[in-house]
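S.K.: sequence plus the predicted model coming up.
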Amino acid sequence: MSSSHPAWTERLEGVRPPRRHEGLLEVIGATPLVRLRSVTRDLADGVEVWVKMESMNPGGSVKDRPARQIIKDALDRGDLGNGKILLDATSGNTGIAYAMIGASLGIPVHLVMPENVSPQRKEIVEVYGAKIVYSDPMEGSDGAIRLARKLVEEDEEGLYYYADQYHNPSNPRAHQLTTAPEIWAQTGGRVTHFVASTGTSGTVMGTGRGLRERSSTVRIVGSQPADAFHGLEGLKHMPSSLKPGIYKEDELDEIRWIETEDGWDMAETLAKEEGIACGNSAGANVVAALEVARELTEGVVVTVICDHADRYFGE
């Protein structure tokens with residue numbers, strides 16, 4: 001066994017008792033935190049990099065958390081229910097989460113998605129019974145947002161509840177209430193840096209706030225695609241995009257700019273060297289986390305594996 005890996009086989013001899021849940025929504029969250037060992041070989045001895053395995057949520061991505069919170073809060077307010085249709089724009093993962101939770105709770109879901117999202121995303125959404133409205137593939141996620149707003153404006157009968165994940169405070173609140181305390185507990189309060197790329201920005205905003213509630217010294221690092229015409233699906237280059245209302249740049253300590261090729265290459269490396277098959281947005285997260293880690297002599301850097309590679313096959 002490689003000396004860079006701890007002896008862990010004894011921990012596999014016992015079987016943890018399986019948990020019982022009254023419903024699917026209880027399964028969301030409480031995801032594992034895994035230390036990266038191979039891609040961190042060049043780091044100083046006192047530096048650790050850990051990844052939150054959000055791909056292990058029941059819907060397969062980090063978006064299960066905000067989708068659950070958005071739906072819960074809307075139900076609590078009375079904005080959703082009684083046959084009202086949840087409508088939102090999505091590049092895929094949030095749509096899958098909405099569709100899954102909607103099926104579980106009996107809530108109809110309509111999603112506006114760019115026509116060029118991966119076939120896997122379309123098929124998964126449709127398996128759950130959600131309806132897809134396609135937007136112009138050349139306009140990306142911004143085009144889906146514009147079309148969703150148009151549908152809401154034309155909704156004279158009040159059929160829709162517009163979830164609006166890009167402006168809905170329930171999005172970052174989900175991470176403030178769940179992701180942050182989980183990371184704090186899993187690191188024993190040792191986390192020094194949290195790094196996450198921005199799509200809606202809910203993950204970095206909410207997790208950052210939750211960690212700052214526990215320690216004012218934790219540094220919150222946002223990362224973004226390096227240019228407007230990038231290939232990191234689900235992520236936004238903020239200077240050239242419709243800026244989400246929940247994105248508060250002044251709450252970030254710094255921003256790292258990630259090249260498309262680096263995100264894709266890291267996703268491939270993680271699969272081959274760490275056994276973590278993930279999408280290119282997760283690859284971008286790890287690229288940024290390693291950039292931060294290489295500048296440290298000691299620290300505990302945490303980032304997020306947003307989803308699984310299976311929704312990118314065939315692209």
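M.R.: Arrived safely. Numbers count the residues shown, from 1 in each chain.
S.K.: helices of the stretch 1-150 of the chain, start to end?
M.R.: 64-77, 93-105, 119-127, 140-153 (DSSP state H, counting those that start in this stretch).
S.K.: the domain parsing of the protein - what is it?
M.R.: The chain breaks down by automatic domain parsing into domains covering 22-61+172-311, 64-162.
S.K.: how about a markdown table for those, with mean pLDDT and mean neighbour count added?
M.R.: In this view, the C-beta of every residue, glycine as well, is placed from N, C-alpha and C. A markdown table is the format used below for those (pLDDT from 0 to 100; neighbours: other C-beta atoms under 10 Å):
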| stretch | mean pLDDT | mean neighbour count |
| --- | --- | --- |
| domain 22-61+172-311 | 96 | 20 |
| domain 64-162 | 95 | 19 |
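S.K.: turn the helices of the stretch 1-150 of the chain into a markdown table, columns for distance to P18.
M.R.: As requested, those are exported to a markdown table (distance: least, C-beta to C-beta, whole Å):
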| stretch | distance to P18 |
| --- | --- |
| helix 64-77 | 20 |
| helix 93-105 | 20 |
| helix 119-127 | 25 |
| helix 140-153 | 38 |
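S.K.: do you know which of those helices lies nearest K248?
M.R.: Nearest to K248 among the helices of the stretch 1-150 of the chain is helix 64-77; the distance by C-beta to C-beta comes to 15.9 Å.
S.K.: may I have the closest one exported as PDB, CA atoms only?
M.R.: Only the C-alpha atoms of helix 64-77 are listed here, as PDB (Å, rounded to 0.1, in the frame of the first residue of the first chain):
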ATOM      1  CA  ASP A  64     -30.700  18.900  -4.500                       C
ATOM      2  CA  ARG A  65     -30.100  21.200  -1.500                       C
ATOM      3  CA  PRO A  66     -31.400  24.500  -2.900                       C
ATOM      4  CA  ALA A  67     -34.200  22.800  -4.800                       C
ATOM      5  CA  ARG A  68     -35.500  21.300  -1.600                       C
ATOM      6  CA  GLN A  69     -35.200  24.600   0.300                       C
ATOM      7  CA  ILE A  70     -36.800  26.600  -2.500                       C
ATOM      8  CA  ILE A  71     -39.800  24.200  -2.600                       C
ATOM      9  CA  LYS A  72     -40.100  23.900   1.200                       C
ATOM     10  CA  ASP A  73     -40.100  27.600   1.700                       C
ATOM     11  CA  ALA A  74     -42.600  28.200  -1.100                       C
ATOM     12  CA  LEU A  75     -44.900  25.500   0.400                       C
ATOM     13  CA  ASP A  76     -44.600  27.100   3.800                       C
ATOM     14  CA  ARG A  77     -45.600  30.500   2.400                       C
END
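S.K.: nice, that's everything, thank you.
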